[in-house]
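K.L.:
Need coordinates for the below:
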Amino acid sequence: QNYSLFEDLSVEENIWIGRDQSNFFRQHPDRWAEWYPQVLEKLAINRFLKVPIEKLSGGQKQRVALARVLASRPKIIFYDEPTSGLDPHIATEVSQLIQKVHEDPSFEVLLSVVITHDYENLLPIANRVLLLNVNQEIEEKTHQLADIRQSLEKGIPEPQKLPREEVLHHQKLHKEYLFNQQVNQVLRLPFQLLPHFRKNAYWHFKWFRKFLNELLFRAGILIFASGILIGGLISYFSLTSAFSGNAGLIPPILLEQLVSSLGLILWMALSPLFTALFLALRSGASIVGYLGNLKSSSQIDAFSALHIQPVFLLFPGIFVAFTLGIPLMTFLHFFGASLASLFVTLATQPNTTRYFWWEWYFSRITPIPLFWVFLKGTLSGLGVSIICYRLGIKASNATEANRAIQNTIFYSILYILLSFFILLVLEQRVLS
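P.N.:
Residues are numbered from 1 along each chain as shown. All right, here's what the predicted structure looks like:
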């Protein structure tokens, strides 16, 4: 019923992702080079190949979705209400397209099953007609519309109420089935990962670049500006309030301690903590909204139709983007804070040189604190990425997406503050 096309991909890329799930085309690229132009021509996709997905009509989206399915080389195709929501003219066009695809030997489709209420358009192309009647029984019918309507007009009997014991028994069986499914997925996971990454390396990079863009390129300017602001304010108040005598000039011994403490506190705590919180609030909420849109627009269903588990394709990009993005943005924030601290130090302490500031500002920043900065960023990225994915992938409408964003902000802040507190205590004990 939904076309489930990926709005972030072009028309061609939507077809290519279906191709990459086909072992046949990956092993025979020469056959793909021959087959691809044919399918574009036969489905009349060439006319709108460069048009963005969101600007396509319903019939055009149906053609792209069908081409993507065909690119994965299926032997059996199920159509679920393929003409639902289409204009009568386009619905007739789609029904003719289904017949054409089934009968064309180049597509190698052995069986096409259409589930529909649109009898006017789809009855004429059917080889067999099966009707699920009011008693939940399957009847084989003729191609006459009157025969179908006669069965539908019999009325729907009252549903039978099952005993409570039987309902509880079925619920228990359903829970056991779900549990066994989850166990099987976990057990099969190591054997599925390598083939998945081999087939979808390009698409991993595609979504990783999108998530990295959300974290780095759009947030980088704000991170750098906030670093300048925080570093400048802390340096100014520390240097101007530390010693009020002699026109505000601080004795060299005390100034050495102040400058080295400023560098250490910005490096160990303020820059990593602010960066992690900022990216969790801004970029985390953005990614949750994006995942919610994928869910509500049925784009997540497209992964299932292509036998791709969304967690395999989307979560690694979110995880790597956060675990790389937070440490990198921490360095950018610290760079901005350091520039502001240098400027404030030279402005408030005229007798100080930049060489003096450089020597003492970085005097307590050794490779060991560098390791802890990476650890804080990596653990923050891991936790935030899990929170974002788990909450965002469940949001199926706007209300649930808003609730997921609020919960992401709350749990991310709580997780980051708790993890930073634990790591700072451990870091202090190790360094002391």
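K.L.:
In what element of secondary structure is residue 166 found?
P.N.:
In this assignment (DSSP states H and E), residue 166 forms part of helix 164-199.
K.L.:
what's downstream of that helix, the next helix or strand?
P.N.:
Per DSSP H and E, the first helix or strand lying C-terminal to helix 164-199 is helix 201-212.
K.L.:
buried sites along that following helix?
P.N.:
203-204, 206-208, 210-212 (16 or more other Cβ atoms under 10 Å). Glycine gets a C-beta too; all of them are placed from N, C-alpha and C.
K.L.:
so where is this protein shaky, pLDDT-wise?
P.N.:
1-2, 133-138, 141-160, 185-186, 189-190, 242-248, 367-369, 431-432 (pLDDT under 70).
K.L.:
Centre-most residue in it?
P.N.:
The C-alpha lying nearest the average C-alpha coordinate of the chain belongs to residue 314 (Cα atoms, centre = their mean; 4.5 Å).
K.L.:
The stretch 201-350 of the chain: helices as residue ranges?
P.N.:
If DSSP state H, counting those that start in this stretch is used as the criterion, the helices of the stretch 201-350 of the chain fall at 201-212, 220-241, 252-265, 271-296, 299-305, 310-348.
K.L.:
repeat for the stretch 1-150 of the chain
P.N.:
Taking DSSP H, counting those that start in this stretch, the helices of the stretch 1-150 of the chain run over residues 11-19, 23-27, 29-42, 58-71, 88-103, 119-122, 145-152.
K.L.:
Including distance to residue 221, could those go into JSON lines?
P.N.:
Listed next are those as JSON lines, based on distance: least, Cβ to Cβ, whole Å:
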{"stretch": "helix 11-19", "distance to residue 221": "29"}
{"stretch": "helix 23-27", "distance to residue 221": "41"}
{"stretch": "helix 29-42", "distance to residue 221": "41"}
{"stretch": "helix 58-71", "distance to residue 221": "37"}
{"stretch": "helix 88-103", "distance to residue 221": "46"}
{"stretch": "helix 119-122", "distance to residue 221": "54"}
{"stretch": "helix 145-152", "distance to residue 221": "62"}
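K.L.:
For residue 344, which of those is the nearest?
P.N.:
Residue 344 sits nearest to helix 11-19 of all the helices of the stretch 1-150 of the chain, at 49.8 Å, using Cβ to Cβ.
K.L.:
tell me which residues of the closest one are tucked away?
P.N.:
11, 13-19.
K.L.:
and it, what other elements does it pack with?
P.N.:
Packed against helix 11-19, as judged by 3 or more Cβ pairs under 8 Å, 6 or more residues apart in numbering; DSSP states H and E, are the following elements: helix 29-42, helix 58-71.
K.L.:
make it 7 Å
P.N.:
If you count contacts as 3 or more Cβ pairs under 7 Å, 6 or more residues apart in numbering; DSSP states H and E, helix 11-19 packs onto helix 58-71.
K.L.:
Can you point out the buried residues in the helix it packs on?
P.N.:
So for helix 58-71, counting by 16+ other Cβ under 10 Å, buried means 58-71.
K.L.:
burial of residue 422, as a residue count?
P.N.:
Using other Cβ atoms under 10 Å, residue 422 is surrounded by 11 other residues.
K.L.:
quick one, whichever strand or helix holds it and helix 271-296 angle?
P.N.:
Following DSSP H and E, the helix or strand that holds residue 422 is helix 398-431. Helix 398-431 runs at 150 degrees relative to helix 271-296, counting by axes from the mean of the first three to the mean of the last three Cα atoms, to 10 degrees.
K.L.:
what's the offset of helix 398-431 from the middle of its chain?
P.N.:
Here helix 398-431 is found 20 Å from its chain centre; the criterion is Cα atoms, centre = their mean, to the nearest Å.
K.L.:
Please apply the same query to stretch 314-328.
P.N.:
11 Å.
K.L.:
Using PDB, list the CA coordinates for that stretch.
P.N.:
Taking C-alpha atoms only, stretch 314-328 is exported to PDB below (Å, rounded to 0.1, in the frame of the first residue of the first chain):
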ATOM      1  CA  LEU A 314      21.400   2.600  10.300                       C
ATOM      2  CA  PHE A 315      22.800   2.000  13.800                       C
ATOM      3  CA  PRO A 316      26.500   1.600  12.800                       C
ATOM      4  CA  GLY A 317      26.400   5.000  11.100                       C
ATOM      5  CA  ILE A 318      24.800   6.600  14.100                       C
ATOM      6  CA  PHE A 319      27.300   4.900  16.500                       C
ATOM      7  CA  VAL A 320      30.400   5.800  14.400                       C
ATOM      8  CA  ALA A 321      29.200   9.400  13.800                       C
ATOM      9  CA  PHE A 322      28.700  10.000  17.600                       C
ATOM     10  CA  THR A 323      31.800   8.200  18.800                       C
ATOM     11  CA  LEU A 324      34.000  10.100  16.200                       C
ATOM     12  CA  GLY A 325      32.000  13.300  16.300                       C
ATOM     13  CA  ILE A 326      32.100  13.900  20.100                       C
ATOM     14  CA  PRO A 327      35.900  13.600  20.500                       C
ATOM     15  CA  LEU A 328      36.500  15.700  17.300                       C
END
